[in-house]
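Colleague: Need a 3D model of the sequence below.
(one chain, ligands or ions: 1)
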Amino acid sequence: MNISTVSAPGKLMLLGEHAVVYGRPCIVTAIDQRIHVEIERTENTTLVIEAPDVDIAGYEKSIETLGSGNIPKGAMFVEYAVQKFYAKYPCVGGVRVSVSSAFSSQIGFGSSSASTVCVIRALAEIYGKKLLAKQIFAIAHQAVLEIQGSGSGFDVAAALYGGTLYFVAGGKTVEPLKVSNIPLVVGYTGVKADTSGLLGEVAKKMKEQPEKVTRIYDAIAKLVNDAKTKMIEGDWERVGKLMDFNQDYLRDLGVSSQKLESLIVAAKQAGAWGAKLSGAGGGDCMIALAADDKRKAIESAIESAGGQVIHISSSSQGVRVDA
Ligand code: MEV
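Modeller: So this is what the prediction gives:
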């Protein structure tokens, strides 16, 4: 096969961010907005990337030098994914990779991890390698870790497996949860989260106040485990309450922001069962859980507070070969 088209979903962290980097569980859902990657085999020994959404046009590099020198930000994840794949499964020839996204890379839906997973899945397809999901996870997570320095891999797992997952760092546990469509409302702050900066600040806090931060993480782990049970039961009111507790701990950890807080307060005052930030904090999106008859009022409240409502549905299919 010379050409393959693959897509993978974006994600939303539901509960357990930050704590998951320190060995606790989290719950993540894959959303119905996808990244699309087409890979074509070429006779050359180069990688060519076209990714107009992140300002990459006609970027070309020899396969031997992948991962070295100056790499533009928009090409980084694709280049590392190709490099890791070729290092593990030596292949003849080069590839042309085209990436397009249904969502902006600015909102924290995990476009980098999803494109990394797509690239590895598409390479396996064109080179006829039958890789297990675990093997794809290992290469993709390694690529993401080399670029970002730290991260639990929950976003890689969501792109790969899809659905709603109970996840422990590094893929030690990846448990699909049988949940019906999650009644989520999503509000975007308009601010890009500085994930590595926030991870650094939290790591510093862990060094300075290990007992306090450990206590917070243990409490988050407990509420994530409770939420897992309640989600399976469909008790969204209780899951909302647990989201509120999770937000209290994240605020204590210092990763919330004024904008996030104002969207969260707006959603709660308009009748949400619960609301919290989603992801690293500092920006990106907040999420709320809401009964159908409250959804409209909550969406208006988020917009009046300066947020942008994004309509998504949860538990979407993981990476798939589309053509
Ligand atoms: C960032 O979206 C979520 C964090 O938990 C980091 C990670 O799990 O890789 C803060």
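Colleague: Can you pull the residues of the stretch 101-250 of the chain lying near the ligand?
Modeller: 151-152, 154, 195 (C-beta under 6 Å from any ligand atom). Yep, even glycine has a C-beta here, placed from its N, CA and C like the rest.
Colleague: what would those look like in JSON lines with pLDDT, secondary structure and neighbour count?
Modeller: Written out in JSON lines, the entries for those read as follows (pLDDT from 0 to 100; DSSP: H, G, I helix; E, B strand; the rest coil; neighbours: other C-beta atoms under 10 Å):
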{"residue": "G151", "pLDDT": "94", "secondary structure": "coil", "neighbour count": "21"}
{"residue": "S152", "pLDDT": "97", "secondary structure": "coil", "neighbour count": "28"}
{"residue": "F154", "pLDDT": "98", "secondary structure": "helix", "neighbour count": "28"}
{"residue": "T195", "pLDDT": "94", "secondary structure": "helix", "neighbour count": "20"}
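Colleague: Just give me the closest of these to L250.
Modeller: When these are compared for distance to L250, the smallest value, 13.9 Å, is given by T195; criterion: C-beta to C-beta.
Colleague: For that closest one, which non-adjacent residue is closest in space?
Modeller: Nearest residue to T195 in three dimensions, chain neighbours excluded: A280, at 4.1 Å (C-beta to C-beta, 6 or more residues apart in numbering).
Colleague: and what of Y127?
Modeller: The spatial neighbour of Y127 that comes closest, neighbours along the chain excluded (C-beta to C-beta, 6+ apart), is C91 at 5.1 Å.
Colleague: isn't there a helix covering that neighbour?
Modeller: No. According to DSSP: H, G, I helix; E, B strand; the rest coil, the state of C91 is coil, so it is not within a helix.
Colleague: for it, what are its contacts?
Modeller: C91 makes contact with 85, 123, 127 under the criterion C-beta atoms under 8 Å, 6 or more residues apart in numbering.
Colleague: Give the helix, strand or coil label for the first one.
Modeller: It stands for F85. For F85, the secondary structure call by three-state DSSP comes out as helix.
Colleague: mind checking pLDDT for it?
Modeller: The predicted local distance difference test score for F85 is 98.
Colleague: Give me the buried stretch members for the top helix by length along the chain, please.
Modeller: The helix of greatest length in the chain, counted in residues with DSSP state H as the criterion, is given as helix 210-233. The neighbour-count check on helix 210-233 (16 or more other C-beta atoms under 10 Å) flags 213, 216-217, 219-221, 223-228, 230-231 as buried.
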